[in-house]
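Visitor: this one's sequence-less:
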């Protein structure tokens, strides 16, 4: 009986030093918590708020606090730069980082950029500078999502038929999200669209429908996102990215959850994502049944969750690629297909028509 693992095994981790750009929630409560647990050496940090940067550095024993990317790279002398800043700021950080000759790799935050053309430029910039670029598509390392990929690789579900993700959860939109060309597609749906790519590859056609989120006060095009992905070889994938989830913030009873399901010709897998329970540590779940084990549901157990446990694996993946050339789970080149899919979804939902990611990918 096959019991998938909740995460890859990169241990022992290479002895590479990491410096961080950013001091927000995702850095302090996810990146640094996971890195400390794994024994990753964090040699420096910088952020716009120097007082906060000093506080975070003190909490995690980080020796160098800098006020600019150039100062961070020069004083901390890292092997890897971990960037966790808003997408409109990230390109300038990458442009500065590739100038530093001793830097080996960059872990960029998702979205890599707010357009396909800008993302392509950043990928080429890193290639020309000889820097290994990975994009932090960390939902690929959620225990249930990663385990499902193994089940697919084993062929236990047969040929893929239908994959669905049903999200009813309320994100906290940051101030930097205001005024961007996309809200939910580039910030929330990116997780699920990239997951479908991780499981099934890049789709051939997309149809999306948007409506504005009643709770979000600033203007936006894409709030609640519904979309269908078509694959020429048969499978279909669909997600409801419901960022409203009812009046749960206005006094209604809690009703937030994320569930996924994957059906094949030989079996079915389904799972839950624990993230909506944060700050409660809730592991994601998975169960599957297939014709190889008729009449049984296999339910692997693990104690790890997406937040914060899975955040170590994108960094470990990058370290392994730098140290001994192993292929990346989410390289910059691969991520261009995710950005192309975002572009296709945004165009479809805005213009009410079927689109294809290939119309962007051919521009590479």
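Guide: Received the coordinates, thanks. If you're wondering where the values come from, they're calculated on a predicted model, not measured in any experiment.
Visitor: what's next to stretch 111-119, contact-wise?
Guide: For stretch 111-119, contacts defined as Cβ atoms under 8 Å, 6 or more residues apart in numbering pick out 87-88, 90-91, 121-123, 135, 180-182, 186-187, 190, 332, 335-336, 339-340, 342-343, 360, 363. (Glycine included, C-beta is placed from N, CA and C.)
Visitor: filter these to the buried ones?
Guide: 87, 90-91, 122-123, 135, 180, 182, 186-187, 190, 332, 335-336, 339-340, 342-343, 360 (16 or more other Cβ atoms under 10 Å).
Visitor: List the contacts of the helix or strand harbouring residue 323.
Guide: If you go by DSSP states H and E, residue 323 is part of helix 312-324. The contact list for helix 312-324, computed with Cβ under 8 Å, 6+ apart, reads 7-8, 10-11, 13-14, 16, 18, 31, 34-35, 37-38, 40, 79-80, 82, 104-105, 107, 132, 134, 136-138, 141, 326-331.
Visitor: Show me those that map onto helices.
Guide: Judged by DSSP state H, the contacts of helix 312-324 include 34, 35, 37, 38 as members of helices.
Visitor: Run a quick check on the second one versus residue 43, I expect a contact.
Guide: No - using Cβ atoms under 8 Å as the test, residue 35 is too far from residue 43 to be in contact (11.2 Å).
Visitor: who touches both of the two?
Guide: In contact with both residue 35 and residue 43: residue 18, using Cβ under 8 Å, 6+ apart.
Visitor: who's more crowded, those two?
Guide: residue 35 (23 against 19; other Cβ atoms under 10 Å).
Visitor: which residue packs closest to that one, ignoring adjacent ones?
Guide: Using Cβ to Cβ, 6 or more residues apart in numbering and skipping the chain neighbours, the partner closest in space to residue 35 is residue 42 (5.8 Å).
Visitor: Pretty sure that neighbour sits against residue 59.
Guide: No - counting by Cβ under 8 Å, residue 42 sits too far from residue 59 to count as a contact (11.2 Å).
Visitor: between the two, which one's more packed in?
Guide: For residue 42 versus residue 59, neighbours defined as other Cβ under 10 Å are more numerous around residue 42 (22 against 12).
Visitor: Torsion angles phi and psi at the more buried one?
Guide: phi -100, psi 110 (degrees, to the nearest 10).
Visitor: May I ask which two of the ones in helices among the contacts of helix 312-324 are separated the most?
Guide: Taking Cβ to Cβ, the two most distant members of those are 35 and 37; they sit 7.3 Å apart.
Visitor: contacting residues for residue 292?
Guide: 156, 266, 267.
Visitor: my bad, should have said residue 89
Guide: residue 176.
Visitor: Could you measure from it over to residue 108?
Guide: 11 Å (Cβ to Cβ, to the nearest Å).
Visitor: same check, this time on residue 346
Guide: 20 Å.
Visitor: got it, and residue 339?
Guide: Applying Cβ to Cβ to residue 339 and residue 108 gives a distance of 12 Å.
Visitor: One more: residue 85?
Guide: In terms of Cβ to Cβ, residue 85 sits 10 Å off from residue 108.
Visitor: out of those two, which sits in the more crowded spot?
Guide: Legend: neighbour count by other Cβ under 10 Å for residue 85 and residue 108, higher for residue 108 (29 against 23).
Visitor: now the helices: where do they sit in the stretch 251-364 of the chain?
Guide: For the stretch 251-364 of the chain, the helices defined by DSSP state H, counting those that start in this stretch cover 312-324, 332-351, 358-361.
Visitor: Report the mean confidence score over the shortest one.
Guide: The one in question is helix 358-361. The average pLDDT for helix 358-361 rounds to 96.
Visitor: quick one: buried residues of that helix?
Guide: Of all the residues in helix 358-361, those buried under the rule 16+ other Cβ under 10 Å are 360, 361.
Visitor: Check which helices and strands that helix sits against.
Guide: When contacts are defined as 3 or more Cβ pairs under 8 Å, 6 or more residues apart in numbering; DSSP states H and E, helix 358-361 sits against helix 332-351.
Visitor: packing partners for the helix it packs on?
Guide: Counting by 3+ Cβ pairs under 8 Å, 6+ apart, helix 332-351 packs on helix 116-129, strand 132-135, helix 190-200, strand 205-211, strand 224-230, helix 358-361.
Visitor: Burial check on the closest residue to residue 203 other than its chain neighbours, number of neighbours?
Guide: What sits nearest to residue 203 in space, not counting adjacent residues and going by Cβ to Cβ, 6+ apart, is residue 229, at 3.8 Å. The number of residues packed near residue 229 is 25, by other Cβ under 10 Å.
Visitor: hang on, residue 229 packs against residue 208?
Guide: No - in this structure residue 229 lies outside contact range of residue 208 using Cβ under 8 Å: 9.4 Å.
Visitor: related to what we said a few turns ago, tell me the contacts of the residue nearest to residue 35?
Guide: Residues near residue 42 by Cβ under 8 Å, 6+ apart: 17, 18, 19, 20, 32, 35, 36, 60, 62.
Visitor: let's see it at 7 Å
Guide: Taking Cβ atoms under 7 Å, 6 or more residues apart in numbering, we find residue 42 in contact with 18, 20, 32, 35, 60, 62.
Visitor: Run through who's touching the helix or strand of the chain with the lowest mean pLDDT.
Guide: Every helix and strand of the chain was ranked by mean pLDDT, DSSP states H and E. The lowest is helix 25-26, at a mean of 94. If you take Cβ under 7 Å, 6+ apart as the criterion, helix 25-26 is touched by residue 84.
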